[in-house]
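> quick one, structure for this:
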Amino acid sequence: PWKKRVLPRKSWTRSYKSADCRKKTLEYLSELLYNHSMLVGIYTNKDRDEGLKYTRRLIDALDSRGLDRALHDSVCIKGVKSFGDDCSPRPDVIVVLGGDGSILSAVAFAAVNDIPILGVNTGNVGFLSSCGAEQIEECAERLKRGDYTVATRSMVCTDIGGKRSYALNDIVFCRGNIGKTVRFTVRVNGAVLGRFKADGCIVSTPTGSTAYALSSGGPIIDPSVRCILLVPVCCHHMSMKPVVVDENEIVEIVADEPACVVVDGRVESESERGITVAKAPISTKFVVLENMDFYVRIHDRLGGNIG
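Numbering: from 1, shown residues only. You can find the predicted model right below:
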């Protein structure tokens, strides 16, 4: 009796080994993985998306391809489910419609939940974006097929008031009053690097080297370089230059009086006497559609031509 019960199972096993059955099974699993289980989150900068025309285009593109979608609760469209900063329900990927500032805003909740970001530039520079608004339908198709790679970017972190803050670009220690400077001491792994009088100090990741640090005289650093960049802002010292340290170093900044701490453009505190910055235990993941060379991106998006 036992042998009779297992015969159908053996028969199924033999049939599965056929090429046709195996192909259909793989097609089914692929369909299940990419079309039915993926939830695409959408984070929109309303100021860069007049009438939410790009958002609606993306929703239509995802719907036509059978992909589920949810809209961040900062924007509401009737009939479209939403998710919050706690990422519930949890998207498998978050598409950001906006500029670099919008991407940094999304990083604040996406990185801690280990969710990849796909930037669609509807702003100006779009240095962190993977594509432009004209490629929205292509983005949806690539997500459906799983035709993309994921790149990882390092982050830095600091603790303020018992709360940990993470930055993809930079953490800035600066005086809050416009037109005044702040006196502070910088230590790296406990060793004094220097004492400065300046508008502030930028502690940047390689990704952030093309942002505020660049406009403050810092070098451009390839994101693959494992380091932290220190850039004094308008320092009253003729010989002070930006300093690059290993990513595992601990950076301490202590001021003579309370100052502001700005994390990726967000003011986290206006009354800190000092901060400690280190490499973050988490990272930001970006969905990459085309492997554009970093230096080509600099030329195309930051203006590499002279004259």
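
> hey, where'd the helices end up in this structure?
Under the criterion DSSP state H, the chain contains helices at 2-16, 19-31, 53-64, 100-110, 136-145, 212-215, 294-302.

> ok, F173 - contacts?
V182, F184, G200, C201, V203, I253, A255, A259, C260, V261, E272, I275 (CB atoms under 8 Å, 6 or more residues apart in numbering). C-betas here are computed from N, CA, C, even on glycine.

> next: R90.
L39, F83, N113, I115.

> show me the shaky parts of the stretch 201-307 of the chain.
Residue ranges of the stretch 201-307 of the chain with pLDDT under 70: 304-307.

> now do 50
The stretch 201-307 of the chain contains residues with pLDDT under 50 at 306-307.

> and the strands in it?
227-233, 243-246, 251-263, 266-288 (DSSP state E, counting those that start in this stretch).

> buried residues, the shortest one. List them.
When you say that, I think you mean strand 243-246. V243, V244, V245 (16 or more other CB atoms under 10 Å).

> what's the answer for the last one, then?
Neighbour counts using 16+ other CB under 10 Å place 268-269, 272, 275, 277-280, 283-287 of strand 266-288 among the buried residues.

> closest to R195 out of the residues you listed?
Relative to R195, the closest of those is I275; by CB to CB it sits at 16.0 Å.

> give the contact list for the nearest residue to the closest one once chain neighbours are set aside.
Nearest non-adjacent residue to I275, counting by CB to CB, 6 or more residues apart in numbering: T158, 5.0 Å away. Residues near T158 by CB under 8 Å, 6+ apart: R164, S165, A167, I171, V261, V263, I275, T276, V277, A278.

> and the buried residues of strand 243-246 as JSON lines, adding distance to A70?
Shown next, in JSON lines, are those (distance: CB to CB, whole Å):
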{"residue": "V243", "distance to A70": "43"}
{"residue": "V244", "distance to A70": "40"}
{"residue": "V245", "distance to A70": "40"}
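
> related to what we said a few turns ago, what's the most distant pair in the contacts of T158?
Top of the distance list for the contacts of T158 (CB to CB): V261 and A278, 14.4 Å.

> V93 contacts V40, correct?
Yes: taking contacts as CB atoms under 8 Å, V93 lies within contact range of V40: 5.8 Å.

> between the two, what contacts are shared?
Listed as contacting both V93 and V40 by CB under 8 Å, 6+ apart are L143.

> who has more neighbours, the two?
The neighbour comparison of V93 against V40 (other CB atoms under 10 Å) goes to V40, with 24 against 20.

> the residue nearest to V225 when sequence neighbours are not counted: how many residues sit nearby?
For V225, the nearest residue in space outside its immediate sequence neighbours is P206; the separation is 5.2 Å by CB to CB, 6+ apart. Counted with other CB under 10 Å, residues neighbouring P206 total 22.

> list the contacts of P206.
Contacts of P206 (CB under 8 Å, 6+ apart): R153, S154, I221, D222, P223, S224, V225, C227, L229.
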